[in-house]
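Student: sequence and predicted model, in that order:
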Amino acid sequence: MKTTIQTLLAAIFVAASTQTHAQGTVYDQQSATGPVAVQGNGNADGLDIQEDSPLMQSFIPSLSAIGFVQFEFWDIPNNGNNGATVYVNLWTGSTRPITATFLGSTTPVYMPNRFSNSGLSIAGITDFYFSTPIGLTPGQTYYLQPVVLSGDDPWDIITIGDTYPNGQLYGKTGGFFQPSTDFYFREGMVSVPEPSVLALISLSGLLIFAFQRRSRLIALSVFIASILSVHAAGDSVVQATADEAGLTRVEAATLSHEGTFWVMTVNSDGSLMESPYPFLPSSLDAMPIFSVSGKYIVDNSGG
């Protein structure tokens, strides 16, 4: 009974969390409205993140929060075959991290060797999500800093010339590039979940409260964020989620391997963690994959 209740509640929470991410994005500030070709483009260039770090793209938001940021990357040929894992820091107050105020980091995202998507032959677009939106003051200046956690060195990020009027790119000395240039970047918020999703979250909270009061059968602590803690036995909680939510299972062979793939894995403490990938890792082709509003859940939890 205990496992059944936990599984059902976890299913509701995972479905609600994933569907919230799937609602779409609202762009606030951006230097381009779509992917920028690297080949044959005299304005586009790649900067080595590791060598030129810290690289700080300034922006002035009109929204009162940030939930994601998007960059374009280029994996230079013959610089290794490991791909790279990258995250983004958010700062304010200074162009140099040593004197700036740190506000938060996105979830790291892995990009494979020869990474490309969005119709770009030698480059690709990646979305980075903050686990929870970070509050901003409209009209104030903020800085986005890409960081390579591990992988090929160098790993290049694309600049596209002076295309963004409300900011510019700063280099390792804290001074801006001359001539002035900007990253390809877009930032904004994940759109508000639909009422039906909010209803699921509220219902789940009421169920947890009721079972705690009446039977003490719940040994579950769930957080609606990028990390979902689950302690359950038996069948995969992810697949139970898919069944409860009526999600459609898809085969890897039918996918373009481009999109947003939320890969569900289990941490050493038993918690279930969701990590966003801009592609389907080839090593996970055999895993169960479920479609959610044009995005995908990949069950790599192992039960």
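Tutor: That came through, no problem.
Student: name the residues of stretch 72-84 that are buried.
Tutor: For stretch 72-84, the neighbour count (16 or more other CB atoms under 10 Å) marks E72, F73, W74, D75, N79, G83, A84 as buried. Using the backbone N, CA and C atoms, a C-beta is placed for each residue, glycine as well.
Student: and for stretch 126-143?
Tutor: For stretch 126-143, using 16+ other CB under 10 Å, the buried residues are T126, D127, F128, Y129, F130, P133, L136, T141, Y142, Y143.
Student: for those residues, which one is nearest Q178?
Tutor: Distance to Q178 across the buried residues of stretch 126-143 (CB to CB) is lowest for Y143, with 18.0 Å.
Student: direction included, what does the helix or strand hosting the closest one pair against?
Tutor: Assigned by DSSP states H and E, Y143 falls within strand 142-151. Sheet pairing of strand 142-151 (DSSP bridges) gives strand 56-59 (antiparallel), strand 84-92 (antiparallel).
Student: where does the stretch 151-300 of the chain dip in pLDDT?
Tutor: Along the stretch 151-300 of the chain, segments meeting pLDDT under 70 span 192-235, 244, 256-258, 267-271, 273, 293.
Student: where do the helices of it begin and end?
Tutor: Counting by DSSP state H, counting those that start in this stretch, the stretch 151-300 of the chain has helices at residues 195-214, 237-245.
Student: list the buried residues in the shortest one.
Tutor: In other words, helix 237-245. Buried, per 16+ other CB under 10 Å, within helix 237-245: V237, V238, Q239, A240, T241, A242, A245.
Student: okay, those residues in CSV with distance to S64 next?
Tutor: Putting the buried residues of helix 237-245 into CSV (distance: CB to CB, whole Å) gives the following:
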residue, distance to S64
V237, 35
V238, 34
Q239, 38
A240, 37
T241, 32
A242, 35
A245, 31
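Student: got the CA coordinates for the longest strand along the chain in CSV?
Tutor: Using DSSP state E, we find that the single longest strand of the chain is strand 124-135. This file holds the C-alpha atoms of strand 124-135, laid out as CSV (Å, rounded to 0.1, in the frame of the first residue of the first chain):
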residue,chain,number,x,y,z
GLY,A,124,24.2,24.0,-32.1
ILE,A,125,21.8,25.8,-29.8
THR,A,126,21.5,24.8,-26.1
ASP,A,127,19.0,25.9,-23.5
PHE,A,128,20.1,26.2,-19.9
TYR,A,129,17.5,26.2,-17.1
PHE,A,130,17.7,27.7,-13.6
SER,A,131,16.2,25.2,-11.1
THR,A,132,13.9,28.0,-9.9
PRO,A,133,13.5,31.4,-11.5
ILE,A,134,15.9,34.1,-10.2
GLY,A,135,14.4,37.5,-9.4
